[in-house]
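predicted model and sequence below, questions to follow.
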Amino acid sequence: MKVLFYFGVFARIGGIEEFTKDLASVLCAHGMDVSIVCASLKSPILDEMERVGVKVKRIPFCWGCRWNLPDFVLFPFALYQLRKADVVVHQKPFKNWFYKLFSRKPKHVYITAYRPGEQFRDAGILKDFFSRFDHIFTQATLFKGDLRRAGVNCSVSVLPYTPPQGISFSPLPFKGNGVLRIAMMGRVEPQKNPVYAIEIVEGLFHQLKQSGTGVEFHVYGSGTLLEEAKVLADQQGVTVSFHGAYQRKDVPSIVAENDCFLISSVSEGQCIVALEVLAGGRPLFATAVGALPDILCTPARGALIPQGNSKEAVSVIQEWLEENQPISPESILESYKEDYDRETVANQYADIFRDLVGKV
């Protein structure tokens, strides 16, 4: 079976790029002939894909991304490649006329980590776009409900991005001399709402010091709100360490070094960081956006916190910590694997691809 990822511009670093590498590698391991067509300069992620057998077909063209110019340059080259595929995987929306020129011979699959309404504000456009595909992968039951309410009737699967493999750690009390290390990983941008995260940590600091427990907040990542976050941390008088940008290979050690993690986002899609945290046996406290309600559906993994109410968020976190001492990575990991076992999810993707083209 020939599977083609039609990607557009492929960034050097990015969650969707990492997922593409993971899924393409899974399909190669299941004996499929996998290719990717994209616009990209030198990319370490594409290099890794080539090493596992993915055929990378790219144009070295990224200039003009703001106007989607690489998509237009890539399109004639991609049309030829599409005709040779059995399944074409799409992960970003293109212009309507692009799809009218696509060959209908292969099966067309769309994978989205976002709620449909976040990409398409108009319900009519949403239905028209998603109805072009033979199968849609979403990452949360909420997203599937959005599609059905919009009148999209093609087959839809709710599957996470290929999850990271679980890593077993020993039981974890607060580290050091009664110090809770709470961490945040990701871009320091308005979407991630780091200011709200600092407000929550400041509230935890005052609540937990009554019982003799200190609080440290560790921020991994960089972005446009970094300086504002540093100023706010100084004003609040809490201990915040800003570690700067990190690489994916650093994630296991970051998770191991901290007691629990906080996601304060105002919007999210799949949120692979949540799975990385749980795969490392650490609890997660997160706002109820994107796929996070699905991910935190089991109390053993952590808890959902309200948006815009730091006092209530502090109460939720403090109550969970009090009820789950010492924190047990084994319990978190066991719960995580019930829904996010990497091999199980990989097999589900492969089976759906085979079913689409009628091959065993």
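Here it is on my side, so go on. Numbering: from 1, shown residues only.

from now on I want contacts and neighbour counts done on CA atoms only, so please keep to that.
OK.

could I get the buried residue list for the helix or strand bottoming out on mean pLDDT in the chain?
Ranked by mean pLDDT, DSSP states H and E, the weakest helix or strand in the chain is helix 116-119, scoring a mean of 76. For helix 116-119, the buried set under the neighbour-count rule, 16 or more other CA atoms under 10 Å, comprises residue 116.

got the contact list for it?
Helix 116-119 has contacts (CA atoms under 8 Å, 6 or more residues apart in numbering) with 123, 126, 143, 146-147.

so which residues of the stretch 251-360 of the chain form helices?
In the stretch 251-360 of the chain, the helices defined using DSSP state H, counting those that start in this stretch lie at 251-257, 272-279, 292-295, 310-323, 329-340, 342-357.

hey, which of those helices is tucked in deepest?
Sort these by mean neighbour count, taking mean count of other CA atoms under 10 Å, and helix 272-279 sits at the top with a mean of 24.

low-confidence regions, the protein specifically.
63-68, 166-177, 359-360 (pLDDT under 70).

okay, domains of it per the record?
When the chain is parsed with automatic domain parsing, its domains come out as 2-163+341-357, 179-340.

quote the end-to-end distance of the longest one.
The stretch domain 2-163+341-357 measures 10 Å between its terminal residues, going by CA to CA, to the nearest Å.

chain center to it: distance?
Relative to its parent chain, domain 2-163+341-357 has a centroid offset of 15 Å by CA atoms, centre = their mean, to the nearest Å.

with stretch 207-216 instead?
32 Å.

that stretch: which residues count as buried?
207-208, 213-216.

now what about it, what contacts it?
Contacts of stretch 207-216 (CA under 8 Å, 6+ apart): 178-182, 201, 204-205, 238-241.

and that stretch, end to end?
Counting by CA to CA, you get 13 Å between the two ends of stretch 207-216.

over to stretch 320-336?
The straight-line separation of the ends of stretch 320-336 (CA to CA) is 17 Å.

now do that stretch: distance to the chain's middle.
With CA atoms, centre = their mean, you get 22 Å for stretch 320-336.

quick one on the thing from earlier: are any of the contacts of helix 116-119 buried, and if so which?
The neighbour-count criterion (16+ other CA under 10 Å) marks 123, 126, 143, 146-147 among the contacts of helix 116-119 as buried.

farthest-apart pair in these, please.
123 and 143 (13.8 Å; CA to CA).

pull the CA atoms of stretch 154-168 into PDB?
Output of stretch 154-168 as PDB, limited to C-alpha atoms (Å, rounded to 0.1, in the frame of the first residue of the first chain):
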ATOM      1  CA  CYS A 154     -18.100  10.600   6.400                       C
ATOM      2  CA  SER A 155     -16.400   8.100   8.700                       C
ATOM      3  CA  VAL A 156     -14.600   9.700  11.700                       C
ATOM      4  CA  SER A 157     -12.200   8.000  14.200                       C
ATOM      5  CA  VAL A 158     -11.300   9.500  17.500                       C
ATOM      6  CA  LEU A 159      -7.600   8.600  18.000                       C
ATOM      7  CA  PRO A 160      -4.800  10.600  19.700                       C
ATOM      8  CA  TYR A 161      -1.500  11.500  18.100                       C
ATOM      9  CA  THR A 162       0.800   8.500  18.400                       C
ATOM     10  CA  PRO A 163       1.500   8.600  22.100                       C
ATOM     11  CA  PRO A 164       5.000   8.600  23.700                       C
ATOM     12  CA  GLN A 165       5.900   5.300  25.200                       C
ATOM     13  CA  GLY A 166       5.500   5.200  29.000                       C
ATOM     14  CA  ILE A 167       8.500   5.400  31.300                       C
ATOM     15  CA  SER A 168       8.300   3.900  34.700                       C
END
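
buried stuff in that stretch?
Residues 156-157, 159-166 are the ones in stretch 154-168 that count as buried (16+ other CA under 10 Å).

what comes into contact with stretch 219-226?
183-190, 194, 240-246.

now do stretch 289-297
114-115, 139-142, 265-271, 274-275, 284, 286, 302-304.

can I get the buried part of those as one ChimeraX selection?
Restricted to buried positions by 16+ other CA under 10 Å, the ChimeraX selection for these reads:
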select :114,115,139,140,142,265,266,267,268,269,270,271,274,275,284,286,302,303,304
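
just the ones of the contacts of stretch 289-297 in strands?
284, 286, 302-304 (DSSP state E).

so which of the residues you listed comes closest to residue 69?
Each of the ones in strands among the contacts of stretch 289-297 was scored against residue 69 by CA to CA, and residue 286 proved nearest at 37.0 Å.

how close does the closest one sit to residue 341?
21 Å.

got phi/psi on residue 34?
Main-chain dihedrals, residue 34, degrees, to the nearest 10: phi -110, psi 130.

surely it touches residue 28?
Yes - judged on CA atoms under 8 Å, residue 34 makes contact with residue 28 at a distance of 6.2 Å.

shared neighbours, those two?
Shared contacts of residue 34 and residue 28, defined by CA under 8 Å, 6+ apart, comprise 53-54.

neighbour count for those two, which is higher?
More neighbours surround residue 34 than the other of residue 34 and residue 28, with 23 against 19 (other CA atoms under 10 Å).

so who does that one touch?
2-5, 24, 27-28, 53-55.

before we move on, what about residue 314?
Applying CA under 8 Å, 6+ apart, we find residue 314 in contact with 200-201, 203-204.

what would these look like in JSON lines with secondary structure and distance to residue 12?
Formatted as JSON lines, those follow (DSSP: H, G, I helix; E, B strand; the rest coil; distance: CA to CA, whole Å):
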{"residue": "200", "secondary structure": "helix", "distance to residue 12": "33"}
{"residue": "201", "secondary structure": "helix", "distance to residue 12": "33"}
{"residue": "203", "secondary structure": "helix", "distance to residue 12": "38"}
{"residue": "204", "secondary structure": "helix", "distance to residue 12": "37"}
